[in-house]
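A.B. asks: I would like to see how this sequence folds:
(2 chains, ligands or ions: 1)
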Amino acid sequence: MVNESLAHLSDLAFECALAGYIVALVCFGIEFAAHRGGVPTEQEQRSAELRASRRSGGVAVLDRGAATPPAIGRVTDDRRGTAPMWLRFGRAGVVVTVVGFAAHLLSLVTRGLAAHRVPWGNMYEFSAMICAAAVAGFLFVLLRWRTRTVGFFVMIPVVILMYVAQSVLYAAAGTLVPALHSSWLVIHVLAVSLSSGVLMLSGVASVLYLLRSRYERKLAAEREWAEHHLHGVPDAALPDAAGTPGGPEALVTQRSRLAALPSLATLDRLAYRSAIVAFPVFTFAVIAGAMWANVAWGRYWGWDPKETCAFVTWVCYAAYLHARSTAGWRGTRAAWISVLGFVSMIFNLFVINLVVSGLHSYAGLN
Amino acid sequence: MTVRDETHLSADTTLEPATAPPPPGRRRGVLPGVLAGARNIWRQLTSMRVALILLFLLALASLPGALLPQWTQNQAKTAQWVLDHPFWGPLLDRLGFFGVFGSPWYAAIYLLLFTSLVGCLLPRTWEFVGQWRQPPVATPRNLGRLPHHAELSVDGTVDEVTDRVLHGLRGWRTARRVEVPPAGGPAAAAPATSVPVAGPATPVSVVTVSAEKGYLREIGNLVFHLSLLGLLVAVAVGKLFGYEGSIIVNAGGADSGAVTGFCSSSPASYDSFRPGLAVDGTDLSPFCVQVDGFTAQYSDTGQATAFLASIRYQTGQDVASGRWQSTSLAVNDPLGIDGQRLYLLGHGYSPTFSVRFPDGQVQRRTQPFQPQDSMFTSQGAVKFTDPPGYPADRITEHQLAITGIFAPTAVVHGGIMTSSYPAATDPGVAIDVYQGDLGMEDGASQSVFAIDQDQVSSGKLVRKARTNLAPHESTTLPDGTTVTFDGYVEWVSLQTSYDPAQGWALVFAVLLLVGLMVSLLIKRRRVWYRLRGDGLGHVSVQVGGLARTDQAGYGGEFERLAALAAPDTGPAPGGRRGGARAGGPGRGRGR
Ligand code: HEM
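C.D. replies: Just a heads-up that it's a prediction; the model follows:
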């Protein structure tokens, strides 16, 4: 019944994908670590300058015509005509991610073909789907916003989840229990896994937002300190961080790798955009799940632990969207709520499936 | 051209006219004071902040429902939990933590939340209707203070430029207004000096264009929130007027004394019946079901691949006339009967035992056993409460019970029987036979799957035999009673569900989803233009933009809007155009 050679190919491709993601993680990590101070993208530059001028009390009017040339144009080192090492690592990371993603897709497809069904029927497959969605989302963001520095942080949960999938959750390709023989399975689980993957992206962006906003608060404090104490020292005497305006600011940027993160505005937008893409899909998934429960268990909602936890996740994201349009809750607080939503989603995926028993025990582990 | 984008940095940019401050409080007696207080509470309750906090509380309050066992989910597990935690168990039970979704505090949270929702949305609806009727808001005096701002200077007349802008704003709601410059203002003074040079005097003109789009978003938001309300009502109606009943019946084997069907005429005909709050069970619409057979298919590894029960049923007048309709019932595929739904939920095995009592009479029972693992090693008890041939007062000394294991594919390992495959390829039972007082007389309800161990430990119920039997094998007790394992039938568990508001719940869920998508995908944008001609063929244009929702991301779009004023706007705005340079390098990444 199961095509063994295809199943084997799928396992192999999965390993390739995991290997690719690990290498990408390392590459992005090297780039991130080396990339201190970083070259801000043009918007980030603008946003930084705006913030700077705001803090000094003036109203910024930036003349975009005179703005510095875009970051992408500057990243190559003109003098030697070659890219600096860390940049090459970053690019290699992208390439490896793409290759890993291709292997990942191959793994999913062959798994489906091997078992003659959709490849999202147990937790192993489901986790793989989530990772694929997250990586796809990341690649899309990369294409549009060039925010490669988030790559390192996206790859962390992806690699962990893929590794757990392979080592703990692995289930050989096989048929499904009758409870899962339903076209609702196809719809519901697909929607859940895709939205979870994209929400993972959103959660990562929110975590980074929190990190970065802490960093910026520190930055502001230190600049204030520096302005007080280093008064009179000529700018040239201070270490100059690449790409950031020189001066006292260089003090912190020199020390913190967080400066390489995209700006708060970019992170916030990334978190928000991915959330509003994923949230309706997740809502749809919950509704489809309820419809499935209605044909399978005789009620559309029964507060089964899994259902309850999905509800909690949903309410968290609703709260996040509210927070983003409530004065005083934007920014850090909204980011915290988004992180909570993310935590509750992961909790639902692992703890509820593996520890708390309910009707949704399809993990395929017993 | 100068473009400013502070979207993210400004915490709260609104250009809405500030809501009028509440009238200064006049202290006049108690009643107005109370009213003012109430109004204040209401205002608080319907604020976004409180809605947010309530949403948060709702999520928090739901958590114990997922983390602690719940009575409605699993009674046995909950009872065990309470026993295992002598301090927390009873305390949390009293506080409703094992029935979160029916607890008063949970109800308080969602009722407050929905009150807040109504109180928040009704005014918003009115406001929206008002906005809908009126033309877009007049252009603010100082466009430079908006989060998005651009200035450019183009050739042409004000009218030309205005037309071009309006042409470019198709799909927006627009209003064109002529502004009268304040007398003596610089706008009036400057061109006045240049008029003579231009020849035929063109009057100084200042025209503004206000444009807004994305009204549908507001509708989507309203539809979404109101559907939430509708969904709540539909759920509540279902909980009030619906019910669920479940029952285990044997599939075939009626000749062996097995129960193979039921009629849903009253709650008592179910093993368990969970009525809605407004259901007393007197007017269930009756139907009868007979289960004739059940087939399950398994893969080599013992994983089930398909379940199918063949059943007959009758409803309404058919019950009187005795006509039956045949159909089959599968998992995930309920049968609709008279607005109720009949589900196949689970299955298992019922071994059949016959007991020949010392007086020669034979009694036969088929009793469902409970599956313990995925291979259907099943556990249960068969009770013979009326042994024949004894006087009524001696019956309780001679009652008989068979307890133990049924295995569809029996393997005995270290004296323990388990099943190695879920299909009945080599069935066997491992049983204990007890004689004595089953303890059924004291009125306490007993599990149908076990005997009362207290009766055993008190010596009133005594084990007389322990043996493993294959079909048709028997064992004989010391008093001459023989117990024969005759074989088995399969049982199915069926559930009847009735929820009158189910369809409505679906309708509201779909509306909710549509409303959500509309409100998240459509963006509300405002843009204003102030065009000031100098009478010499130059127009200076100020543009201001405000994103009412999702501020981030308006930047690129705004630049295209600003560029509408410039001539020669090709299909790819953001490129080169006369007079003004908008759209800096690398713009394409800006979204
Ligand atoms: C029952 C609980 C509620 C849930 C699950 C919920 C959910 C949501 C969601 C998901 C959004 C985002 C969609 C959008 O931006 O249009 C939203 C927006 C909104 N909600 Fe709620 N909501 C609830 C209660 C409330 C309450 C009580 C209020 C009033 C105080 C409220 C006022 C709003 C407003 C004004 C928006 C639009 C925000 C904007 O324009 O960006 N909601 N709500």
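
A.B. asks: check which element follows the helix or strand of chain A with the lowest mean pLDDT along the chain.
C.D. replies: Using mean pLDDT, DSSP states H and E, helix A:71-74 stands out as the lowest-scoring helix or strand of chain A, at a mean of 39. As assigned by DSSP states H and E, the chain's next helix or strand after helix A:71-74 is helix A:85-115.

A.B. asks: ok, that following helix near chain B or not?
C.D. replies: No - Helix A:85-115 lies apart from chain B when judged by Cβ under 8 Å from any Cβ of the partner chain; the minimum separation is 11.4 Å. No exception for glycine: its C-beta is placed from N, CA and C like everyone else's.

A.B. asks: quick check: buried residues in that helix?
C.D. replies: Buried residues in helix A:85-115, defined by neighbour count with 16 or more other Cβ atoms under 10 Å in any protein chain shown: A:86-87, A:89-90, A:92-94, A:96-97, A:99-101, A:103-104, A:106-108, A:110-115.

A.B. asks: what element comes up after it heading to the C-terminus?
C.D. replies: helix A:123-145.

A.B. asks: looking at chain B, which helix or strand is least sure?
C.D. replies: Here the helix or strand of chain B ranked lowest by mean pLDDT, DSSP H and E is helix B:186-194, holding a mean of 39.

A.B. asks: outside of the next helix or strand after that helix, which residues touch it?
C.D. replies: As assigned by DSSP H and E, the chain's next helix or strand after helix B:186-194 is strand B:206-213. Strand B:206-213 is contacted by residues B:135-139, B:158-159, B:162, B:165-166, B:169, B:171-181, B:187, B:524-533 when judged by Cβ atoms under 8 Å, 6 or more residues apart in numbering or on different chains.

A.B. asks: and the strands in the stretch 51-200 of chain B?
C.D. replies: Listed from the start of the chain, the stretch 51-200 of chain B has strands (DSSP state E, counting those that start in this stretch) covering B:148-155, B:173-179.

A.B. asks: related to what we said a few turns ago, just the buried residues from the contacts of strand B:206-213, in PyMOL please.
C.D. replies: Buried residues among the contacts of strand B:206-213 (16+ other Cβ under 10 Å), as a PyMOL selection:
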select buried, chain B and resi 136+137+139+158+162+165+166+169+172+173+174+175+176+179+187+524+525+526+527+528+529+530+531+532+533
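
A.B. asks: which residues does B:P471 contact?
C.D. replies: By Cβ under 8 Å, 6+ apart, the residues touching B:P471 are B:P427, B:G428, B:F485, B:D486, B:G487, B:Y488.

A.B. asks: my error: substitute A:L199 in the last question.
C.D. replies: By Cβ under 8 Å, 6+ apart, the contact list for A:L199 reads A:S274, A:A275, A:A278, A:F279, A:F282, A:Y317, A:G341, A:F342, A:M345.

A.B. asks: following element in sequence after the helix or strand that the last one is a member of, please.
C.D. replies: Meaning A:M345. A:M345 belongs to helix A:332-347 when assigned by DSSP H and E. Using DSSP H and E, the helix or strand that directly follows helix A:332-347 along the chain is helix A:353-354.

A.B. asks: is any part of that following helix close to chain B?
C.D. replies: No - using Cβ under 8 Å from any Cβ, helix A:353-354 never reaches chain B; the gap is at least 11.9 Å.

A.B. asks: looking at that helix now, give me its mean pLDDT.
C.D. replies: When pLDDT is averaged along helix A:353-354, the result is 74.

A.B. asks: which of the contacts of A:L199 come close to chain B?
C.D. replies: A:F279.

A.B. asks: out of the contacts of A:L199, who's nearest chain B?
C.D. replies: A:F279 (7.0 Å; Cβ to the nearest Cβ).

A.B. asks: show me the contacts for the closest one.
C.D. replies: Residues counted as contacts of A:F279 (Cβ under 8 Å, 6+ apart) are A:S195, A:L199, A:Y317, A:L321, B:L516, B:L520.

A.B. asks: please, which helix or strand holds it?
C.D. replies: In the assignment (DSSP H and E), A:F279 maps to helix A:264-296.

A.B. asks: in that helix, what's buried?
C.D. replies: Neighbour counts using 16+ other Cβ under 10 Å place A:264-296 of helix A:264-296 among the buried residues.

A.B. asks: repeat for stretch A:130-145
C.D. replies: In stretch A:130-145, counting by 16+ other Cβ under 10 Å, buried: A:130-139, A:141-142, A:145.

A.B. asks: return the closest of those with respect to chain B.
C.D. replies: A:W145 (6.5 Å).

A.B. asks: gap between the closest one and A:A265?
C.D. replies: A:W145 is 11 Å from A:A265, where distance means Cβ to Cβ, to the nearest Å.
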